[in-house]
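**Q** can't give you the sequence, but here's the structure:
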C-alpha cells in the first residue's frame, strides 16, 4: 500500500529502524532529544527541527544530548566509530562545520587510508543544508562541494522522502564516514515511502524525469526546482531530462554521461556559490569525457558569489530557481539567445 | 540578606541619579523590544528567527554601563540586549530584524548578525563561541593602542564550553589582554540543562585554570552587576589582564521564538517572572534610592513610544533593492 510521509519523517523512520536493527548504534548531537535532565519533558525537541523526535523515548541512553561543542562531540563520534561503535552525529547546520572541520577533514577522512586500509569508520554526520528559511549567512549555506572535495568522505544529499530513507539506511550501514546533507527546505515535502527498511546504493543517480532535448543535472533542494522548470519548458515544447545525483561522492557520472550523450546539452545546477561547486565539477567532467556529444556550451545555474543575505527579498533573489534554470536551458538550446 | 541590602544602599550614594535612570531606560528598552518581537513573531510579520534576551537585561546593562564607544563587545545569537546596552540605534535594529532598508546592517544580517562598529559592537553571532577569538583581537588592538580601552565577550553557560572560548581564555591570559569573558548562566543551552553541558557548576573554576581573575554575581541584581563589573573593568583598564564574570540569570522566552520550552519544569518560567525579574528588582531598589515612580513611569512611556515607532518605521521601510545582493563582497563573478 502506498504511504505518503514527509522527508523529515522518512529520516526519523530510517534512524528508528536502524537503531532497532543495531543495538550498538548511537545517535548524538545538540538537543537530539532536547531536555534530558531539565526537569520537564525530556524528548521535547528531537534536534533543532525535530528529525530525531521520539527516539530518546524509544532508545533511552543511546540517544545522547551533547554539550554544544561540535569539535568534541563530532571528534568523539569519529573515535567511537573507529573503536567499533557506529554513530549518527548531528551538526545542526552545515555552517557549524567550521567548528569541527579538523575532525572530519584530517581525522575521519584520512584514517582508513593513512592506517593502510585497516580502519573502518561507520559514521554518519547529519547536517542541514541550504537557504530558504531566512536563516541568514551562518545558517543557510550549501557547502556540499567542500566535503565532496575531500577523499575519504562520502557526501549524500537527497531530494525526496523515498531517497532520504533509503540513503540514510545505506549511510548508516556504510563503513566509511558519510556527510549526510539534509535540505531543510524540503523537510515537510511528502512522498511515497515504504514502511519496511530498504537501502539505495551510493553512486546511483536517479533520472527524475526523462527527456531528450537537454540534461538538467542537479541534486537536493534544486531537484524540485528543476522539475518545475522542466514542466514549464514542456509547454514550450522543450523536453528536458532531470538527473538527481543523490550522492555527490561517490558520483554516478555514468548516468550523467548517458543522458548528455542522448540530449547533447547540459545544464548543471547547484544552490552553492558559482566557483568550484558540484555544477562546475559536472560540467568539467562531461566536457572532458563526452565533448563530441555536446551540441552547445554547458550552462551552470548557481547562487551568486555572496554570503546568504537575511532580507527575504534578497534571499529569494539569491536562491537559484526554476526561472534561472529555464534561462540556462534556453541558452543551451539556442546558444545565441 | 540584610548585609547585601546595606551594601546596596551604600552603593546608591555612589551611583548618580542619571546613571540609574539611564540604566533603567536601557533595561526597559530591551524588555519592551523583546516583548514586542515575541508578540509580533507569533503574528507572522517578522521574518526569520530570533533568540530573545528578556530576563537577562541587568547583565548586559550592568556591564555596558561602564563602557564607552571605544570599548568593544562581541555578542552571541541572543544579542539584542547587548546591542541596545551598547548604544546601537533601536530603530535601525528593528529595521534590521525586519530585513529592511535602513537596517543597521542594511537588511543583510538580521537578528543574529546585528553589529555596529561605530558603537564598539562587533556583532551578534550565529556560531557559538565565535566571538571569543574576535574579542581577543579587539582586546589586543586596545592593548597596543594603550589608552585603557577594553573588550567584552558574552557567552552562555553552554556556549562557553566551545573550544574557541577555552582557547581564547588561554590566549587572553598568556597575552594579558584587557578582555572580560562574561558567562550568562541562564541554565539552558537551547533545551539542554547546564549540568549536561558543563563539567563544573561554577565557571570561576574555569578561570582559575587559566590563571584569570574572576567573580560571580547575581545577574538579576543590576546594582550588584554594576558594582562588580565596574571593579573588574577598572582592573582591566589598569592593565591587570583578562577576567571572567559569571552572571546567574534567567531566560524568560524559549531558545528561539517558537520554542515552547516544555523541557523546563512546570512553573519555572512563571516563578521566574514573578520572583526573579531583574526589572522588578531594579524598580524596588531604585525607589529605595530615591528614584520616584513618576520618573520610572515617564521612562516606561517613552520606551513604549520608541518601540512602537521602531516597529512602524520598520514596517514602512522599503525592502533592500535587488542590486544590494551583490554589494559588500570582496570579489564579484
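**A** Structure's in. What do you need? Since this is a predicted model, take the numbers as computed values, not measurements. Numbers count the residues shown, from 1 in each chain, chains lettered A, B, ... in the order given.
**Q** when you work out contacts or count neighbours from here on, use the C-alpha atoms and nothing else.
**A** Will do.
**Q** ranges for the helices of chain B?
**A** Listed in chain order, the helices of chain B (DSSP state H) span B:2-12, B:17-43, B:57-64, B:80-85, B:90-97, B:131-145, B:163-174, B:194-197, B:204-209, B:222-237, B:268-275, B:278-288, B:293-316.
**Q** looking at these, which is closest to chain A?
**A** Closest to chain A of the helices of chain B, according to C-alpha to the nearest C-alpha: helix B:194-197, at 4.2 Å.
**Q** the closest one packs against which elements?
**A** Helices and strands touching helix B:194-197, by 3 or more C-alpha pairs under 8 Å, 6 or more residues apart in numbering or on different chains; DSSP states H and E: there are none.
**Q** what lies in contact with it?
**A** For helix B:194-197, contacts defined as C-alpha atoms under 8 Å, 6 or more residues apart in numbering or on different chains pick out A:37, A:65-68, B:157-158, B:161, B:187-189, B:201.
**Q** now it: average pLDDT?
**A** Averaged over helix B:194-197, pLDDT sits at 96.
**Q** can you give me the neighbour number for residue 36?
**A** Let's take chain A. 24 (other C-alpha atoms under 10 Å in any protein chain shown).
**Q** I was thinking of chain B, sorry if that wasn't clear
**A** Number of residues near residue B:36 (other C-alpha under 10 Å) recorded here: 15.
**Q** next: residue B:148.
**A** By other C-alpha under 10 Å, the residues close to residue B:148 number 18.
**Q** that one against residue B:237, yeah?
**A** Yes: counting by C-alpha atoms under 8 Å, residue B:148 touches residue B:237, with 4.6 Å between them.
**Q** other SSEs contacting the top helix by length along chain A?
**A** Ranked by residue count, the top helix of chain A under DSSP H comes out as helix A:7-21. Packing partners of helix A:7-21 (3+ C-alpha pairs under 8 Å, 6+ apart): helix A:161-173.
**Q** so which residues on the stretch 201-333 of chain B come close to chain A?
**A** Proximity of the stretch 201-333 of chain B to chain A is confined to B:262-266, B:319-322, B:324-326, B:329, B:331-333 under the rule C-alpha under 8 Å from any C-alpha of the partner chain.
**Q** and which of those residues is nearest residue A:47?
**A** residue B:263 (13.1 Å; C-alpha to C-alpha).
**Q** residue contacts, that closest one?
**A** For residue B:263, the contacting residues are A:34-36, A:38-44, B:191, by C-alpha under 8 Å, 6+ apart.
**Q** most neighbours among those, please name it.
**A** Within those, residue A:34 tops the neighbour count with 32 neighbours, counted by other C-alpha under 10 Å.
**Q** ok, and the closest non-adjacent residue to it?
**A** The spatial neighbour of residue A:34 that comes closest, neighbours along the chain excluded (C-alpha to C-alpha, 6 or more residues apart in numbering or on different chains), is residue A:45 at 4.7 Å.
**Q** burial of residue 159, as a residue count?
**A** You didn't pick a chain, so chain A it is. Count around residue A:159 with other C-alpha under 10 Å applied: 24.
**Q** sorry, should have said chain B
**A** A count of neighbours around residue B:159, defined by other C-alpha under 10 Å, yields 26.
**Q** what do you get for the one 3 residues further on?
**A** Other residues within reach of residue B:162, judged by other C-alpha under 10 Å, total 23.
**Q** distance check, it against residue A:11.
**A** Plainly put, residue B:162 is 28 Å away from residue A:11 if you go by C-alpha to C-alpha, to the nearest Å.
**Q** quick one, what contacts the closest residue to chain B within the stretch 101-250 of chain A?
**A** Using C-alpha to the nearest C-alpha, the closest approach of the stretch 101-250 of chain A to chain B is made by residue A:134 at 4.4 Å. Shown in contact with residue A:134 (C-alpha under 8 Å, 6+ apart): A:140, A:310-312, A:315, B:47-49.
**Q** and the nearest residue to residue B:35 once chain neighbours are set aside, how many neighbours does it have?
**A** With C-alpha to C-alpha, 6+ apart as the criterion, residue B:35 has its nearest non-adjacent residue at 7.4 Å, and that residue is residue B:54. Using other C-alpha under 10 Å, residue B:54 has 27 neighbouring residues.
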